[in-house]
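> Build me a model from this:
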Amino acid sequence: MKLTGWWKNRSSAGKVELYTRWSFHFFVLVEIFSIGLAALGSMEGKASPAVALPLFLLVCAHSVLVGFLSSRALDWIVDRRERPTRLAAVTTALTGAAVLAVLALRAAGRDGGPTVAPTLVVGMTCFTSGTLVLCMREVRHMRYVAPVAAAGASVAALAFGIPTGESAGFAVGVLLSSAFFCAACGFSGWLLNTVHELDRAREVQAQLAVAEERLRFGRDLHDVMGRNLAVIALKSELAVQLARRERPEAVDQMIEVQRIAQESQKEVRDVVRGYREADLAVELEGARGVLRAAGMDCRVEFETDRDLPPEAQSALGWVVREATTNVLRHGDARSCVIRLTAEERTGALTLVVENDGAPKAPAGPPGSGLAGLRERLAALDGTLEAGPVGGGRFRLRAEIPGPAGPMRQEARA
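The predicted model follows:
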């Protein structure tokens with residue numbers, strides 16, 4: 001259960017990163033067991049233990065170095081570190097030295113068999129080539145890695161006096177294996193980068209939405225209060241001048257200032273009420289649109305041919321808004337159902353928001369969103385329940401006593 005929660009509580013970007021990272025860690029073992037054991041197996045041929053054991057240790061050291069480079073390259077892809085340029089250069093140089101050592105043993109006939117040297121050269125070269133691709137951004141740079149590695153292996157083999165046919169075999173083996181591994185590593189790096197970019201874009205979108213709402217509220221206040229405050233200032237100044245002259249019109253001007261101030265109070269209340277109250281139908285449609293834009297399958301069920309009190313509409317509208325925000329922020333849902341029903345006998349209104357992306361443990365300390373919803377519903381004798389319901393689903397249920405009708409409309413986004 002802990003392992004399942006440990007995986008499920010991660011975001012989509014976190015899951016992709018974890019899977020990719022451990023895949024490259026697993027390649028360390030793959031290289032040791034697939035290539036290193038070939039070095040140990042050379043003792044069955046002509047190779048002595050004094051040659052086979054160092055070759056095995058060389059492969060082990062190479063696999064660990066490549067695994068470390070891949071980890072640093074993944075950190076660079078997700079913008080946690082600088083590009084590991086020096087480490088990549090060191091890994092390339094050590095791989096080249098290891099390949100030259102193996103080819104020298106092959107030319108001297110001390111490698112232990114005809115398959116040992118090709119296995120070691122092709123294996124170490126392809127793993128290094130794939131890891132180097134992780135350190136690159138441009139595809140036009142990645143496509144040169146495998147051909148350069150193949151050409152280098154072939155030229156080195158010819159330089160050690162290895163026959164042309166065998167040298168060509170080295171080139172073909174390195175080219176094919178490196179090309180495949182470079183493509184796989186390049187795709188993994190691209191996928192990881194894309195997922196993290198989407199995750200960052202969603203965070204920026206949420207921040208922009210908050211900023212836009214603040215600007216809207218500020219604009220509404222400016223539009224309501226700007227003219228009234230200017231009139232109040234003007235009439236107050238006029239009243240002061242009239243009062244200094246002991247003119248009776250000063251009283252009329254102050255009465256007018258009082259009237260405008262009272263109207264301004266009312267208009268500010270209307271603006272704040274419009275800001276703090278939410279229209280239920282608008283919030284339901286908005287939730288469907290937002291969740292659909294986030295790639296979720298959202299089903300909204302609500303009744304259309306009935307009139308709800310403004311207080312109930314506002315409270316339930318805020319429940320929908322807060323629940324939608326929680327689905328986007330705190331889970332990794334693929335589907336969501338929003339259902340508003342009315343109990344025929346008692347007339348109670350019930351709003352249920354259920355999704356399949358609930359974490360098994362809270363992501364942090366409880367916020368004020370649900371507490372604020374409970375306060376709104378308590379003013380209408382309503383209740384709010386929220387929590388996991390099994391099967392990896394999370395349900396938020398709000399109930400308000402009141403009249404209702406039986407009709408229901410369903411729409412799937």
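> and the nearest residue to residue 319 once chain neighbours are set aside, helix, strand or coil?
Distance criterion Cβ to Cβ, 6 or more residues apart in numbering; nearest residue to residue 319, sequence neighbours excluded, is residue 398 at 4.6 Å. For the C-beta atoms, the positions are set from N, CA and C on the backbone; glycine is no exception. At residue 398 the chain is in strand, as set by DSSP: H, G, I helix; E, B strand; the rest coil.
> Residue 398: neighbour count?
For residue 398, the number of neighbouring residues by other Cβ atoms under 10 Å comes to 26.
> repeat for residue 382
Residue 382 has 24 nearby residues by other Cβ under 10 Å.
> Assumed residue 242 was part of a helix.
Yes - according to three-state DSSP, residue 242 belongs to a helix.
> and the chain, what are its domains?
Per automatic domain parsing, the domain ranges recorded for the chain read 9-202, 207-276, 280-412.
> okay if I get the ones you listed as a markdown table plus mean pLDDT?
Formatted as a markdown table, the domains of the chain follow (pLDDT from 0 to 100):
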| stretch | mean pLDDT |
| --- | --- |
| domain 9-202 | 88 |
| domain 207-276 | 79 |
| domain 280-412 | 76 |
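> so how far is stretch 241-256 off the chain centroid?
Here stretch 241-256 is found 65 Å from its chain centre; the criterion is Cα atoms, centre = their mean, to the nearest Å.
> Would you mind measuring the gap between the ends of that stretch?
15 Å (Cα to Cα, to the nearest Å).
> Identify each buried residue in that stretch, please.
Across stretch 241-256, burial judged by 16 or more other Cβ atoms under 10 Å covers 242, 250, 253-254, 256.
> can you check stretch 50-62 too?
Those buried within stretch 50-62 under the rule 16+ other Cβ under 10 Å are 51-52, 55-56, 58-60, 62.
> Need the outlier residue of this structure, farthest from its centre.
residue 246 (70.8 Å; Cα atoms, centre = their mean).
> Now for that residue: which residues touch it?
For residue 246, the contact set (Cβ atoms under 8 Å, 6 or more residues apart in numbering) is empty.
> Doesn't it lie inside a helix?
No - if the criterion is three-state DSSP, then residue 246 is coil and not within a helix.
> Can you report phi and psi for it?
Dihedral angles of residue 246 (phi, psi; degrees, to the nearest 10) stand at phi 60, psi 40.
> next helix or strand past the helix or strand residue 284 falls within?
For residue 284, the host element (DSSP states H and E) is helix 280-293. Under the assignment DSSP H and E, the closest C-terminal helix or strand after helix 280-293 is strand 297-302.
> Quick check: the closest residue to residue 383 other than its chain neighbours vs residue 308, distance?
For residue 383, ignoring the flanking residues on the chain, the nearest one in space by Cβ to Cβ, 6+ apart is residue 399 at 5.2 Å. According to Cβ to Cβ, to the nearest Å, residue 399 and residue 308 sit 14 Å apart.
> same check, this time on residue 286
With Cβ to Cβ as the criterion, residue 286 and residue 308 are 17 Å apart.
> Mutual contacts of residue 399 and residue 308, please.
residue 349.
> circling back to that earlier point, who does the helix holding residue 284 touch, helix- and strand-wise?
Other elements packing on helix 280-293 under the criterion 3 or more Cβ pairs under 8 Å, 6 or more residues apart in numbering; DSSP states H and E are strand 297-302, helix 310-330, strand 335-342.
> Compare those and report which one is nearest to residue 205.
Of all the helices and strands packed on helix 280-293, it is helix 310-330 that lies closest to residue 205, at 9.5 Å by Cβ to Cβ.
> Who has more neighbours out of residue 286 and residue 308?
residue 308 (22 against 16).
> and that one, helix, strand or coil?
coil.
> Now it: closest residue in space that isn't a chain neighbour?
Distance criterion Cβ to Cβ, 6+ apart; nearest residue to residue 308, sequence neighbours excluded, is residue 280 at 6.7 Å.
> From the centroid of the chain, which residue is nearest?
residue 199 (3.0 Å).
> What strand or helix carries that one?
Applying DSSP H and E, one finds residue 199 within helix 164-244.
> ok and that helix relative to helix 310-330, angle-wise?
Computed by axes from the mean of the first three to the mean of the last three Cα atoms, to 10 degrees, the angle separating helix 164-244 from helix 310-330 equals 150 degrees.
> And stretch 377-397, what's buried?
Buried, per 16+ other Cβ under 10 Å, within stretch 377-397: 377, 380, 382, 384, 386, 392-397.
> how about the residue nearest to the centre of the chain, what does it touch?
11-13.
> In PyMOL, how would I select the buried members of those?
Buried residues among those (16+ other Cβ under 10 Å), as a PyMOL selection:
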select buried, resi 11+13
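> need the contacts of residue 199 in a markdown table with secondary structure and distance to residue 93, can you?
What follows is these, written out as a markdown table (DSSP: H, G, I helix; E, B strand; the rest coil; distance: Cβ to Cβ, whole Å):
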| residue | secondary structure | distance to residue 93 |
| --- | --- | --- |
| 11 | coil | 38 |
| 12 | helix | 38 |
| 13 | helix | 34 |
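> Which strands or helices does the helix or strand containing residue 257 pack on?
Following DSSP H and E, one finds residue 257 within helix 249-276. Contacts defined by 3+ Cβ pairs under 8 Å, 6+ apart place helix 249-276 against helix 164-244.
> got the angle between the helix it packs on and helix 249-276?
Using the same axes, to 10 degrees, the inter-axis angle of helix 164-244 relative to helix 249-276 is 160 degrees.
> roughly how far is helix 164-244 from the heart of the chain?
13 Å.
> what is the orientation angle of it with helix 280-293?
Going by the same axes, to 10 degrees, helix 164-244 makes 160 degrees with helix 280-293.
> Now for residue 326, how many residues are close by?
Every residue meeting other Cβ under 10 Å relative to residue 326 is counted, giving 20.
> from memory residue 193 sits against residue 76, does it?
No - Residue 193 is not in contact with residue 76 according to Cβ atoms under 8 Å; the separation is 9.9 Å.
> These two: which has the busier surroundings?
residue 76 (19 against 16).
> so how far is the host helix or strand of the more buried one from its chain's centroid?
Element membership for residue 76, per DSSP H and E: helix 49-77. Put simply, helix 49-77 sits 31 Å off its chain's centre (Cα atoms, centre = their mean).
> For that helix, name the packing helices and strands.
By 3+ Cβ pairs under 8 Å, 6+ apart, helix 49-77 packs against helix 12-31, helix 37-41, helix 85-108, helix 116-134, helix 164-244.
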